[in-house]
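Visitor: Provided below for reference: sequence and predicted model.
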Amino acid sequence: MNAIAFLLGLLVLSYLGSILVGGRTIRGFGLASGAEYLVLGFVLGPQVLSVVGHSLVEAFQPVVVVGVSWLGLVLGVSYLRVAERRVPVPHIALGIALSALVSGCVSATVFFGATYFSPLPRIEVIAFAATAGIVCSETTRHSVRWIVERYGAKGPLADLAADTARASALFPALALAVVCAWLPGAALPTFSVIERVLVSIGLGMVLGGTAALLLGREFRRDESWGILLGTSLLGTGAATRLNLSPISTTFAMGLTLALVSRHSVDIKAMVTPTEKPVLLPVLLLAGAYVNVKLPMPLLVLVATAVVVKILARVFCGALLSVTTKSVRGVGLEFGGSMLSCGALGLAIALSFALRHPGVVADTVLLVASVGVLLGEWLGPASLRRALARTGEIKPEASAEDSQPTLPSEA
Amino acid sequence: MSGHGGTKKTTGTRAIQAAALLVTFGVLYGVTRLTPELETHLGTVTAVGFLLLAGTLMSELLETIGLPHLSGYLLAGIIGGPHILHLVDHHTVTELSPVNTLALSLIALAGGAELRIDTLRSVARGLAWATLVQSTFVLVCVAGVFLAVSRFIPFTQGLELKSLIGVSLLWGVLAVSRSPSACMGILAQTRAKGPVATFSLAFIMLSDVVVVILLATMLMLARPLITGSGGISLEDFSVLGHELLGSIAVGVTLGLGLAVYLRLVGHQLLLVLLAIGFGLSDTFAYIHVDSLLAFLAAGFVVTNLSDQGPKLLHSIEQTGSVVFVVFFATAGAHLDLPLLRKLWPVAVALCASRALFTVFASRISGRLAEDPPVLLRWGWSSLVSQAGLALGLSVVIAKAFPTFGEGFRALAIAAVALNEMIGPILFKFALDRAGETDHGAPEIRPSLPPAAATK
């Protein structure tokens, strides 16, 4: 396929994505994670139809990096708020802890599995284990929004689900910075790993602070685009050139903006509608990158990672049902609901694949892709059951007759 | 295009902008110095971010001394470009050509959409005289100057007088080309309204078509003079005629389509403009359609055959606020400073004579057309700028005459560099002096709001 035709195809996808952003439309069409576009990319990609060949996928690598980095910025900017409500600090801590716990479980299992059952060298095993854990640690906030808007959910469990999903983004974003700083080939050879991590995050914070200062006292939406785009592209490019993690840099930039800018709500309102238009082409390209022709031991490890992720999520749910009032009696369902993943996990897997191409990266991308599909299947249904059982939605409510209670983020 | 600073900005705001500019340069400088050996394919991404941010901030800072934003974008590109700090290298500048394609298509669309039939009628007489006088008087006079200084031009050494006349005529064509992008850039920033703004826009857009025809004519006339063989062939005109008519036909169709879309759907125009800018420009090139003319016609149709013109212009303005900064900053990075340093005496002589004859021609045509005094005085001001169109012409000439083509092109690059830097400043100065930029602060937008730290 011609590059221009492919670019136009991606723009059409963005167009679709921008239509899907509308609060009313989202209740009617599409899956929460956008998994259908991932599958479409896989089908069109080199593995199946080869409509989108290897060279084309390579040519669009900068688009992927910019796309995933922009998603990092959007996640950072919207990290502290669900619609206009601030996420309580305990919920942030809980989201981070759950995310780290799941990541730890998956990483440990993959590490031992890969050490004993795969021919990978030790350094690759560590990279594989760490990244597999990271991509499994996210819960997509779109899943919660999807259910809330479709069924008009309202109550402490819906809030907790929304808050922990949002808070789960911090751990993977930071952990990826560590992995990229640790991987061989990182620039700044005289720097230690910690110093490289600090450079990744510090770069984002400096650019975020600069953007916050420039966006100034009065907020003018049109004029702010140049500043946000300029700083995020500069951060993305600089982090990539240093072989660090651009997602972590832009996430730090977004988070800094959310923390220090007096217009954080406006900025969030401005960038959130861009998420779907960016996400869908990225998902399509991610699908095209997926390689299923892996050695059997690695395929087994993919399956193992996904199973451990499910078990860890269920365990987290069970733990919460004991410790948290709003989850009482629906622990398993709540744990299942946290299986939904999407943008960040895939973005991290893609980013890793571009930073450290090879069989390990392909395996991590497959773990993330399977996680998205499985999460799509189990997550929203589990959340819906949990909310129905706690009375936060009526079991018979349909998408048409219910009203969303969270203001649309778009 | 970012607007002109209408809101009063304090010293604190400017200090913050200066500090942010230093951070921008510092980040990229640090990264390129820390990893000098690494050149990733993402250099383009970094460059876009840098040029966008640095261009915006530089334009804000230069605004304090009355310079147009466009000069700020250019200066940011020059400083960050391959010849000074080397933050953006040659390869990256070349890779940014899709941004230029997009920007040019938006500029042409906006240019067409700004041209209203009733406005054109009001300046038709002046436009006709100006086109005639500028295209003949300036062409002949600048060709004469070129002939006079040819002994100082390296690539003309050894050429016979007949050949020299041919080369001079080609240089004359180059001299009558203008810069639609610079004109649109300044008008978008200042939101100028008045006879000078209207005339400039209409003349420059029209001159784009005229120059294409003139180039074909001069190539036809110069070829026998320079090569000393072959006669005059009218085949070039036939091809040109097809191209021009085809471009207008395609542009009208696109314009009607756009008008229908704007009326029936009317949203996600950013993506539609991106698709048009990237996708259609390539398609037009493939089917030998002049994309500038086609987009110009499309914008013209939207404005004059539907009521969707303002909507289209607003969307282009929103998209352009980012794209145009990168476009002009890239143009700055593209300026060949070493070449300019080498050829500056000749380039200065040619540019100065061009400017002088342009002023004379403007006065003559103004008197013949009985233009209003303000136009008589400042009508020339927008005609000094040159940019991509002139460089494009020089490439065509260089390809047509390989024996001296490279030297011709190098001199053209040096001359265009000078006009590119000086022209926008003159135009903005003229608009200010003509009082066409003074129509109230609310209409004028800053590219950046005042900084938070300043009360």
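Guide: Looks like it arrived, so ask away.

Visitor: hmm, stretch B:271-283 touching chain A?
Guide: Yes: against chain A, stretch B:271-283 shows contacts by C-beta under 8 Å from any C-beta of the partner chain at B:271, B:272, B:274, B:275, B:278, B:279, B:282, B:283. For every residue, glycine as well, the C-beta is placed using N, CA and C.

Visitor: turn those into a markdown table, columns for pLDDT and neighbour count.
Guide: As requested, the residues of stretch B:271-283 next to chain A are arranged in a markdown table below (pLDDT from 0 to 100; neighbours: other C-beta atoms under 10 Å in any protein chain shown):
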| residue | pLDDT | neighbour count |
| --- | --- | --- |
| B:271 | 82 | 19 |
| B:272 | 86 | 19 |
| B:274 | 85 | 21 |
| B:275 | 84 | 18 |
| B:278 | 82 | 20 |
| B:279 | 81 | 16 |
| B:282 | 81 | 18 |
| B:283 | 84 | 16 |
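
Visitor: what sits against the closest residue in space to residue B:396 that isn't next to it in sequence?
Guide: Nearest non-adjacent residue to residue B:396, counting by C-beta to C-beta, 6 or more residues apart in numbering or on different chains: residue B:215, 6.7 Å away. By C-beta atoms under 8 Å, 6 or more residues apart in numbering or on different chains, the residues touching residue B:215 are B:173, B:393, B:396, B:397.

Visitor: ok, of those, which one's closest to residue B:16?
Guide: Residue B:16 lies nearest to residue B:393 out of these, by C-beta to C-beta, at 42.5 Å.

Visitor: and the pLDDT for that closest one?
Guide: With respect to pLDDT, residue B:393 has a value of 81.

Visitor: next SSE downstream of the least confident helix or strand in chain B by mean pLDDT?
Guide: Here the helix or strand of chain B ranked lowest by mean pLDDT, DSSP states H and E is helix B:388-400, holding a mean of 80. Using DSSP states H and E, the helix or strand that directly follows helix B:388-400 along the chain is helix B:405-433.

Visitor: now do that following helix: distance to the chain's middle.
Guide: Between the centre of helix B:405-433 and the centre of its host chain there is 10 Å, according to C-alpha atoms, centre = their mean, to the nearest Å.

Visitor: do the same with stretch B:107-116
Guide: 14 Å.

Visitor: any chance you could list what contacts that stretch?
Guide: B:180-181, B:183-185, B:187-188, B:201-202, B:204-205, B:251, B:255, B:273, B:276, B:291-304, B:309, B:312-313, B:316-317, B:320, B:324.

Visitor: for the closest residue to chain A within the stretch 51-200 of chain B, give me the pLDDT.
Guide: The nearest approach of the stretch 51-200 of chain B to chain A comes at residue B:53, 3.3 Å away (C-beta to the nearest C-beta). For residue B:53, the model assigns a pLDDT of 91.

Visitor: C-alpha coordinates for stretch A:165-174, PDB please?
Guide: Extracted in PDB, the C-alpha atoms of stretch A:165-174 (Å, rounded to 0.1, in the frame of the first residue of the first chain):
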ATOM      1  CA  ALA A 165      -8.200   2.900  36.900                       C
ATOM      2  CA  ARG A 166      -6.900   6.400  36.400                       C
ATOM      3  CA  ALA A 167      -4.300   6.100  39.200                       C
ATOM      4  CA  SER A 168      -3.000   2.800  37.700                       C
ATOM      5  CA  ALA A 169      -1.200   4.800  34.900                       C
ATOM      6  CA  LEU A 170       1.500   6.200  37.100                       C
ATOM      7  CA  PHE A 171       3.300   3.000  37.900                       C
ATOM      8  CA  PRO A 172       3.700   1.700  34.300                       C
ATOM      9  CA  ALA A 173       4.800   5.100  33.100                       C
ATOM     10  CA  LEU A 174       7.500   5.400  35.700                       C
END
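
Visitor: show me the contact partners of that stretch.
Guide: Taking C-beta under 8 Å, 6+ apart as the rule, stretch A:165-174 contacts A:72, A:75-76, A:78-79, A:82, A:87, A:91-96, A:98-100, A:103, A:134-135, A:137-141, A:143-144, A:201, A:247-248, A:251-252, A:255, A:338, A:340, A:344-345, A:348.

Visitor: PyMOL command for the buried members of the residues you listed?
Guide: With 16 or more other C-beta atoms under 10 Å in any protein chain shown as the criterion, this PyMOL line picks the buried residues out of those:
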select buried, chain A and resi 72+75+76+78+79+82+87+91+92+94+95+96+98+99+100+103+134+135+137+138+139+140+141+143+144+201+247+248+251+252+255+338+340+344+345+348
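
Visitor: tell me which helix or strand residue A:340 sits in.
Guide: Residue A:340 belongs to no helix or strand, assigned by DSSP H and E.

Visitor: name the nearest residue to it, sequence neighbours excluded.
Guide: Spatially, and ignoring its direct neighbours in sequence, residue A:340 is nearest to residue A:379 (3.0 Å; C-beta to C-beta, 6+ apart).

Visitor: so which bits of the host helix or strand of residue B:320 are buried?
Guide: Using DSSP H and E, residue B:320 falls within helix B:309-334. Residues of helix B:309-334 classed as buried: B:309, B:311-313, B:315-334 (neighbour count, 16+ other C-beta under 10 Å).

Visitor: ok and that helix relative to helix B:388-400, angle-wise?
Guide: For helix B:309-334 against helix B:388-400, the angle between stretch directions is 60 degrees (axes from the mean of the first three to the mean of the last three C-alpha atoms, to 10 degrees).

Visitor: pLDDT (mean, whole number) over helix B:309-334?
Guide: Across helix B:309-334, the per-residue pLDDT values average to 85.

Visitor: and it, how far from the chain's centre?
Guide: Centroid separation between helix B:309-334 and its chain, computed with C-alpha atoms, centre = their mean, is 12 Å.

Visitor: briefly note if it comes near chain A.
Guide: Yes: using C-beta under 8 Å from any C-beta, helix B:309-334 reaches chain A at B:317, B:318, B:321, B:322, B:325.

Visitor: quick check: angle from that helix to helix B:405-433?
Guide: For helix B:309-334 against helix B:405-433, the angle by the same axes, to 10 degrees is 130 degrees.

Visitor: got the residues of the stretch 151-300 of chain B near chain A?
Guide: Near chain A, when you scan the stretch 151-300 of chain B using C-beta under 8 Å from any C-beta, you find B:268, B:271, B:272, B:274, B:275, B:278, B:279, B:282, B:283.

Visitor: and residue B:79, how many residues sit next to it?
Guide: Residues lying near residue B:79 (other C-beta atoms under 10 Å in any protein chain shown) number 19.
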